[in-house]
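# Sequence and predicted model, in that order:
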Amino acid sequence: MPELPEVETIRRDLAAAIVGRRVVRTEVRDASLVHAPSVAGFGRGLRGKAVQRADRRGKYLLLHLDDGALVLHLMMSGRIFLRPADDPVGHTRLVVEFDEGPALHFVDVRRFGRAWLLPPPGVDALLADLGPEPLEPGFDGRVLQAAVGGRRRAIKPTLLDQRIVAGVGNIYADEALWLARIHPDTPAGSLSLRRLNNLARAIVTTLRAGIEYDGTSFLTHVGSRGERGRYQERLNVFQRTGEPCPRCGRAIERLVVGQRGTHICPRCQRRRG
DNA sequence: CATTGGACCTGACCGC
DNA sequence: TGCGGTCAGGTCCAAT
């Protein structure tokens, strides 16, 4: 599922539901989910810890504990549900039970998702290579230009590179490039500062709108109580092949850029040298 | 170094 | 119904 707006939606759910709760029991149902420490150490380390804060960095969900953090990444198909510990749905990989209230269930059909229990330096190391948070102050065309300078790689896979900017994925990359009227194949280093400023603004606008509508429930994303996001109703190009561009009416086209399905308006997003 | 292609998994969907 | 191919909100690693 998840890009920045979907993870942020879940973060807000968790901030309201489990901050202040203490872990009483952990059930790892799929050992491949746990990347650090060992499965045994993971459960032992969580027991008795209280959740101080629910945070997010890019697409990573950070549940800060008394010392260190439980870090979750949902990858393509991960979901977080808050529900009774004894009532898991299919494909549940991890259940974290608290002293009161519902348990946290990590559910993931494709099993790409990851979990870590790390001390503070480990958290820092895990996140060290991430680029800037696009919704924090200071994110603009100049920041993009500094990261992209001289690169010949196409702008779309550049945006998907989490070292350039944290949290943008396939949906919001397509939507932001449409908003900024930039063809996804354009070499990143060839974009003027003016166009990079437009793009930075488009990224911010698109991500904020995604959060406002609780994310995009296209394939798998739902909130922690199972509620669907509504941003799929506001998408302009993503998965709208053949439908009219909301700006000019031309039919949206699908192409492949950097091995990812990509959606553009061929009139609004012309290739240019 | 920068960039690309395949791997990692499972399930849904489409055409034959 | 069954089979094969394609596709899916992501990231990592090996090969150019």
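Right, received. Where do you want to start? Numbering: from 1, shown residues only, chains lettered A, B, ... in the order given.
# okay, now the residue of the stretch 1-150 of chain A found nearest DNA strand B: neighbour count?
Of all residues in the stretch 1-150 of chain A, A:R110 sits closest to DNA strand B, at 3.3 Å by Cβ to the nearest atom of the strand. No exception for glycine: its C-beta is placed from N, CA and C like everyone else's. Neighbours of A:R110 under the rule other Cβ atoms under 10 Å: 11.
# Tell me the residues of the stretch 151-273 of chain A that contact DNA strand C?
A:160, A:162, A:169-171, A:215-221, A:260-261 (Cβ under 7 Å from any atom of the strand).
# which among those residues end up buried?
Neighbour counting with 16 or more other Cβ atoms under 10 Å marks A:160, A:162, A:169-171, A:215-218, A:220-221 as buried within these.
# okay if I get the residues you listed as JSON lines plus secondary structure, pLDDT and distance to DNA strand B?
Putting those into JSON lines (DSSP: H, G, I helix; E, B strand; the rest coil; pLDDT from 0 to 100; distance: Cβ to the nearest atom of the strand, whole Å) gives the following:
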{"residue": "A:L160", "secondary structure": "helix", "pLDDT": "98", "distance to DNA strand B": "10"}
{"residue": "A:Q162", "secondary structure": "coil", "pLDDT": "98", "distance to DNA strand B": "12"}
{"residue": "A:G169", "secondary structure": "coil", "pLDDT": "98", "distance to DNA strand B": "14"}
{"residue": "A:N170", "secondary structure": "helix", "pLDDT": "98", "distance to DNA strand B": "12"}
{"residue": "A:I171", "secondary structure": "helix", "pLDDT": "97", "distance to DNA strand B": "16"}
{"residue": "A:G215", "secondary structure": "coil", "pLDDT": "95", "distance to DNA strand B": "20"}
{"residue": "A:T216", "secondary structure": "coil", "pLDDT": "94", "distance to DNA strand B": "17"}
{"residue": "A:S217", "secondary structure": "coil", "pLDDT": "90", "distance to DNA strand B": "14"}
{"residue": "A:F218", "secondary structure": "coil", "pLDDT": "84", "distance to DNA strand B": "12"}
{"residue": "A:T220", "secondary structure": "coil", "pLDDT": "80", "distance to DNA strand B": "10"}
{"residue": "A:H221", "secondary structure": "coil", "pLDDT": "83", "distance to DNA strand B": "15"}
